[in-house]
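*Asks:* Give the three-dimensional model of this entry:
(one chain, ligands or ions: 1)
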Amino acid sequence: MSNASAARNAFAAATAEQRNRLRTLDLLISRRSTGALTEPAPQAAELDLILEAGLHVPDHGRLRPWRFVLIRGEARTAFGECLADAVKARDRAAPPALLDRYQAWTLRNSLLIAVGVRIRSGHPVPEVEQVLSTGAAAMNMLNAIHLLGYAGIWVTGANAYDARVNEALGFRAPNKLVGFLAVGTPVNVPEPVPASQRPDRSAHVFEWSAPTAG
Ligand SMILES: Cc1cc2nc3c(=O)[nH]c(=O)nc-3n(C[C@H](O)[C@H](O)[C@H](O)COP(=O)(O)O)c2cc1C
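*Replies:* Down below sits the predicted model:
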């Protein structure tokens, strides 16, 4: 029996409260990303919870570096044009079909959350920690989205690193975009990852022991 199964069995035999927590953990582990999304997106009260989850992450120095910009409704059309303009500015030969694809992408997703970080340069808390905290915010939101029965995917691509797109979203230095969360209802509930395709634990988890003297 694997360590995970043993721990799970021991836990399952415990109190109702612990069993509830185990169910939540199982649900958390079942999260899959998908970009095949449809209506509805989370509604107001659910979105509040998702954003709240994003604001409850480890944050060294209480810098609160996270910034979330919601792109939804009518604003998606203008944002799609903004992405297409950015692509055109990077590559004047970009085919119209590619530009259309970006516009279609913004309209296909009823909710996009642009996740940004406000970097405090020269702060005793290194920049990497500020970015990591923002990554944790994005992940907490993805988990909340999943736990509420919706789905999402974290995407970046050249547009996420484009100064024009950053500027349009209000992420002028020292702010920067770390990615978009596309959020909605999955067209098909993603299948769990088969055990054979899960990361091999032995390649990622190591037991440390003190080096032997000599
Ligand atoms: C910072 C970051 C950027 C990503 N950018 C993209 C992207 O632009 N396009 C994409 O298809 N997946 C991207 N991914 C990967 C997906 O978000 C997702 O992790 C992947 O499809 C695996 O799915 P899973 O979450 O179900 O394991 C990115 C992931 C991270 C962490």
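
*Asks:* Can you name the next helix or strand after the top helix by length along the chain?
*Replies:* In the chain, ranked by residue count with DSSP state H as the criterion, the top helix is helix 127-147. Toward the C-terminus, helix 127-147 is succeeded by strand 151-155 as the next helix or strand (DSSP states H and E).

*Asks:* Which elements pack onto the helix or strand just after that following strand?
*Replies:* Following strand 151-155 in sequence order, the next helix or strand is helix 163-168 (DSSP H and E). The criterion is 3 or more C-beta pairs under 8 Å, 6 or more residues apart in numbering; DSSP states H and E, and the helices and strands that helix 163-168 contacts are helix 75-90, strand 175-186. For the C-beta atoms, the positions are set from N, CA and C on the backbone; glycine is no exception.

*Asks:* How far does helix 163-168 sit from its chain's centre?
*Replies:* A distance of 20 Å separates the C-alpha centroid of helix 163-168 from that of its chain, computed with C-alpha atoms, centre = their mean, to the nearest Å.

*Asks:* Give me the contact status of that helix with the ligand.
*Replies:* No. Shown here: helix 163-168 not in contact with the ligand (C-beta under 6 Å from any ligand atom), separated by at least 13.1 Å.

*Asks:* ok, residues contacting that helix?
*Replies:* Phe79, Cys82, Leu83, Asp85, Ala86, Ala89, Gly116, Asn159, Arg172, Asn175, Lys176, Leu177 (C-beta atoms under 8 Å, 6 or more residues apart in numbering).

*Asks:* Contact partners for the first one?
*Replies:* So that's Phe79. Under the criterion of C-beta under 8 Å, 6+ apart, the neighbours of Phe79 are Ile71, Thr106, Leu112, Ala168.

*Asks:* In strands, which of the residues you listed appear?
*Replies:* With strands defined by DSSP state E, the entries of the contacts of Phe79 inside them are Ile71, Leu112.

*Asks:* Could you dump the contacts of Phe79 into JSON lines and include neighbour count?
*Replies:* Shown next, in JSON lines, are the contacts of Phe79 (neighbours: other C-beta atoms under 10 Å):
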{"residue": "Ile71", "neighbour count": "20"}
{"residue": "Thr106", "neighbour count": "22"}
{"residue": "Leu112", "neighbour count": "23"}
{"residue": "Ala168", "neighbour count": "20"}
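
*Asks:* Who are the contact partners of Tyr161?
*Replies:* For Tyr161, the contacting residues are Leu177, by C-beta under 8 Å, 6+ apart.

*Asks:* do Leu70 as well
*Replies:* Taking C-beta under 8 Å, 6+ apart as the contact definition, Leu70 lies against Leu47, Leu111, Leu112, Ile113, Ala114.

*Asks:* Which pLDDT value belongs to the closest residue to the third one other than its chain neighbours?
*Replies:* Using C-beta to C-beta, 6 or more residues apart in numbering and skipping residues adjacent in sequence, the residue nearest Leu112 is Ile71, 4.1 Å away. Ile71 is assigned a predicted lDDT (pLDDT) of 98.

*Asks:* related to what we said a few turns ago, now the buried members of the contacts of Leu70.
*Replies:* Using 16 or more other C-beta atoms under 10 Å as the burial test, the contacts of Leu70 include Leu47, Leu111, Leu112, Ile113, Ala114 as buried.

*Asks:* Which ones among the residues you listed also lie next to the ligand?
*Replies:* Contacts with the ligand within the buried ones among the contacts of Leu70, counted by C-beta under 6 Å from any ligand atom: none were found.
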